[in-house]
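Q: Can you look at this prediction? I've put the sequence above it.
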Amino acid sequence: MVKVVFDEAFYRVYSSEPAAAPGRIESVVNEVRGVFEFVGCEPASESDVLLVHSPDHVKSVKGLDDVYPLALLAVGGAIKAAKMALEGEPAFALIRPPGHHASRSHSWGFCYFNNVAIAVAKMLSLKRVERVLIIDFDLHFGDGTANIFSGSNNVEYFHLPHGPRERQLSSLKAFLNAKEGYDMLAVSAGFDRHKEDWGGMLMTGDYYEIGKALGEFSLKKCGGAIFAALEGGYNHAVLGKNVRAFLEGLQNASRWW
Ligand SMILES: [Zn+2]
């Protein structure tokens with residue numbers, strides 16, 4: 001069964017950014033609680049964060065009193081999800097602040113620490129994995145993740161191209177068909193390309209198809225190891241439904257889970 005990694009602290013409004021808006025996390029919890037099992041998480045350690053970020057960047061986030069504890073907890077949620085993935089339990093980290101615009105020494109776009117990148121770096125450092133594919137279907141390019149793993153032989157980053165919705169899905173499937181040889185699939189799951197969100201592109205059912213395609217890929221080519229973490233998604237009226245559709249697609253990718 002797909003599980004949701006969550007802590008009630010993520011309800012906290014830690015800034016005036018859209019990712020921190022009141023009601024945003026509730027919109028997801030209201031839709032997926034009772035459908036998927038929830039598990040808790042612990043804050044990451046500073047040494048985990050330093051696997052990816054510079055000491056100066058950590059220091060600057062530490063200066064943001066409202067953000068820092070939640071940023072550590074968000075990283076901890078992604079790490080927990082990655083560990084679960086490697087134990088054969090697909091997991092979605094319902095966390096904020098998001099992370100894919102956080103590079104080694106700077107961040108922007110409502111991001112502070114790169115949750116997915118740190119979780120991947122930690123699994124690499126523990127020698128739990130050697131090769132990881134990161135798929136990012138957020139509206140925005142995850143420049144932080146791409147920067148962090150630029151030139152890496154261990155990690156490949158793919159951002160779903162823009163375009164008509166049918167073409168987005170077919171390009172994802174074509175990309176996945178051509179790929180193999182990974183120990184884990186990590187997903188930056190942003191929902192802001194939805195028709196009623198900033199991107200104005202995808203339908204809710206498309207997130208089901210994306211979840212299913214990624215779940216099937218992980219079973220066929222990553223030993224079933226897949227985790228995802230929340231990035232963007234700002235229309236509270238549809239965010240929860242889109243997350244639910246994605247998780248149902250992931251769930252239905254296989255009867256084994
Ligand atoms: Zn985004």
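A: Cool, the structure landed. Everything numeric here is computed off the predicted structure, so don't read it as measured data.
Q: And for Arg167, the neighbour number?
A: 12 (other C-beta atoms under 10 Å). No exception for glycine: its C-beta is placed from N, CA and C like everyone else's.
Q: Residue numbers of the stretch 51-200 of the chain in contact with the ion?
A: The stretch 51-200 of the chain has residues Asp138, Leu139, His140, Gly190, Asp192 near the ion, with proximity defined as C-beta under 5 Å from the ion.
Q: Need the phi and psi values for the closest residue to the ion within the stretch 1-150 of the chain.
A: As assessed by C-beta to the ion, the ion sits closest to His140 within the stretch 1-150 of the chain, at 3.7 Å. Dihedral angles of His140 (phi, psi; degrees, to the nearest 10) stand at phi -100, psi 150.
Q: Same question for Val4.
A: Per-residue torsions, Val4: phi -110, psi 120 (degrees, to the nearest 10).
Q: isn't the residue of the stretch 1-150 of the chain closest to the ion right up against Gly232?
A: Yes: counting by C-beta atoms under 8 Å, His140 touches Gly232, with 6.6 Å between them.
Q: In the stretch 51-200 of the chain, what residue spans correspond to strands?
A: Taking DSSP state E, counting those that start in this stretch as the test, the strands found in the stretch 51-200 of the chain are 91-93, 132-136, 155-159, 184-189.
Q: out of those, which comes closest to Arg104?
A: Set against Arg104 and scored by C-beta to C-beta, the strands of the stretch 51-200 of the chain come closest in strand 155-159, at 13.8 Å.
Q: now the closest one, how far from the chain's geometric center?
A: Its chain's C-alpha centre and that of strand 155-159 lie 13 Å apart, by C-alpha atoms, centre = their mean, to the nearest Å.
Q: What of stretch 154-165?
A: Offset of stretch 154-165 from its chain centre (C-alpha atoms, centre = their mean): 14 Å.
Q: that older thread, which neighbours do His140 and Gly232 share?
A: With contacts defined as C-beta atoms under 8 Å, 6 or more residues apart in numbering, the residues shared by His140 and Gly232 are Gly190, Asp192.
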